[in-house]
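Q: 3D, please:
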Amino acid sequence: MKKNYMSMIAIAAVALASCGGGAEQPAQELPNYEIVKLAPVDRTINYQFPATLKGSSEVQVFPQIEGRITDIYYDNGTLIKKGQPLVRIDDTQHRLSMLTAKAAVDAAEAAQATAKLQLESQKSLNAKKIVSDYVLQTAENDYKTACANLSQAKAQLAIAESELAKCTITSPISGTVVGKPYDIGALVGPAMSQPITTVTDQKVISTSITITEETYQQLFTQYGARQTSTGIKSADGKNMSDFYKFKLKMKDGTIYSEEGRLTTVSGALDTNTGTAQVNVDFDNPDLILHAGMSVSIIMPEEAKGVLVLPQTACKRLQDKYLAFKVDDNGNALGAIVDVVPTDDGKEYIVISGLKAGDEVIANGVARITEGQKVK
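A: Next comes the predicted model:
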């Protein structure tokens, strides 16, 4: 029985062999990956910086005297001219002080006039030897005293008029009023921490951004930038705006029509962060931009002879990116790369991790494993 069972197994094995069970399996088909070979190209890198806008001139307005507000002549956002009234503080007491000072001036003028008449009379009598020199000298002293009293009264009147004028708070510059924190009846004074309002000249809008040490060095080394009385210039005297064209992107993604110009750069790097402050101005003739707006400042920089990758060639790994290059045997080899996105949202500029001539897998990187055959 055992001999018959073994014979059946042998027959079955022969049958399987005759049906091709022992034939070589066909090679597995390779995935269809797009592979690109890296070569130097020219691109524009647009660095973006968060920023808050402010007027080119911005003045906080504080009262110079204490009192209650009786009149307000502006609304938030009002366009005003230099010297235009903003607020009036109760001037009753100061007006009375001015009237009192004016009356004192009138009295002093009368006393001076009387002393002058007496002096002239004493001079005439002294010339006729009717009064002594002592009497004449006394008259002269009385006149000098009257003149001094008049000068003092006029000074007090000037002070009273000045204090009265302080009751009407005017705009120190032409611009837009920003903020209306106080209402009629509010008690205000010089010691207050919050200004009555802020006036900002928004015909030109300013902002500042923080640049890296690399960009700072490029600015001062490659272009020979230097600060002058008329702005920051290159070594050949050109405005640095000829090299750096700043753009402004608003919250809704709109790009502002006017280009920004570089005005000042901090003279030294921050020792803690290794960064520098750059100030940029934008003309704002139609007052489209407003102080306080949160925007993005775009600083384009021409990158010559850089390597670029399709963004589909990279997989995000926390703060790094993973790309797969193809080795000499056609296998996928992972590479950690530093990249900067370009404006079109389709490419990355390679900062490190790859070199010219590398072949890189351009798509499907999420499905690739290390060492996988791809070519």
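
Q: mind checking the pLDDT average for stretch 114-132?
A: Stretch 114-132 shows a mean pLDDT of 94.

Q: please apply the same query to stretch 284-304.
A: For stretch 284-304, mean pLDDT rounds to 88.

Q: just the mean pLDDT for stretch 346-358, thanks.
A: Here stretch 346-358 scores 91 as its mean pLDDT.

Q: list the buried residues for that stretch?
A: Across stretch 346-358, burial judged by 16 or more other CB atoms under 10 Å covers 347, 348, 349, 350, 353, 354, 358. All C-beta spots, glycine's among them, are computed from the backbone N, C-alpha and C.

Q: wait, a strand at the third one?
A: To tie it back to what came earlier, the one meant is residue 349. Yes: applying DSSP: H, G, I helix; E, B strand; the rest coil, one finds residue 349 inside a strand.

Q: surely it meets residue 307?
A: Yes: when contacts are counted by CB atoms under 8 Å, residue 349 is listed as touching residue 307 (7.3 Å).

Q: possible to save the buried residues of stretch 346-358 as a markdown table with distance to residue 63?
A: Output for the buried residues of stretch 346-358, formatted as a markdown table (distance: CB to CB, whole Å):
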| residue | distance to residue 63 |
| --- | --- |
| 347 | 58 |
| 348 | 56 |
| 349 | 55 |
| 350 | 60 |
| 353 | 61 |
| 354 | 64 |
| 358 | 69 |
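
Q: what is the nearest of the residues you listed to residue 148?
A: Nearest to residue 148 among the buried residues of stretch 346-358 is residue 349, at 81.1 Å by CB to CB.

Q: which residues of the stretch 201-350 of the chain fall in helices?
A: For the stretch 201-350 of the chain, the helices defined by DSSP state H, counting those that start in this stretch cover 213-217.

Q: pLDDT weak spots in it?
A: Along the stretch 201-350 of the chain, segments meeting pLDDT under 70 span 218-243, 267.

Q: repeat for the stretch 1-150 of the chain
A: By pLDDT under 70, the weakly predicted segments of the stretch 1-150 of the chain are 1-31.

Q: all strands of it, in order?
A: Secondary structure of the stretch 1-150 of the chain by DSSP state E, counting those that start in this stretch: the strands cover 35-37, 41-52, 54-61, 67-72, 79-80, 85-89.

Q: paired strands for the longest one, with orientation please.
A: Read it as strand 41-52. Each strand paired with strand 41-52, and its direction, by DSSP bridges: strand 294-310 (antiparallel).

Q: and for the fifth one?
A: Sheet pairing of strand 79-80 (DSSP bridges) gives strand 175-178 (antiparallel).

Q: what lies in contact with the partner strand?
A: Residues from elsewhere that reach strand 175-178 (CB atoms under 8 Å, 6 or more residues apart in numbering): 55, 57, 74-80, 86, 171, 197-203, 287, 290-292.

Q: need the buried ones from those selected in PyMOL.
A: To isolate in PyMOL the members of these that are buried, counting by 16+ other CB under 10 Å, one can use:
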select buried, resi 55+57+74+78+80+86+171+197+198+199+200+201+202+203+290+291
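
Q: can you get me a residue count around residue 123?
A: When neighbours are counted by other CB atoms under 10 Å, residue 123 registers 13.

Q: quick check, residue 173 in contact with residue 57.
A: Yes: using CB under 8 Å, residue 173 is in contact with residue 57, at 5.6 Å.

Q: intersection of neighbour lists for those two?
A: Taking CB under 8 Å, 6+ apart as the contact rule, residue 173 and residue 57 both touch residue 201.

Q: ok, what's across the strand from the spatially most central residue of the chain?
A: For the chain, the residue nearest the mean C-alpha position is residue 207 (2.3 Å; CA atoms, centre = their mean). Beta-bridge partners recorded for residue 207 (DSSP bridges): residue 280.
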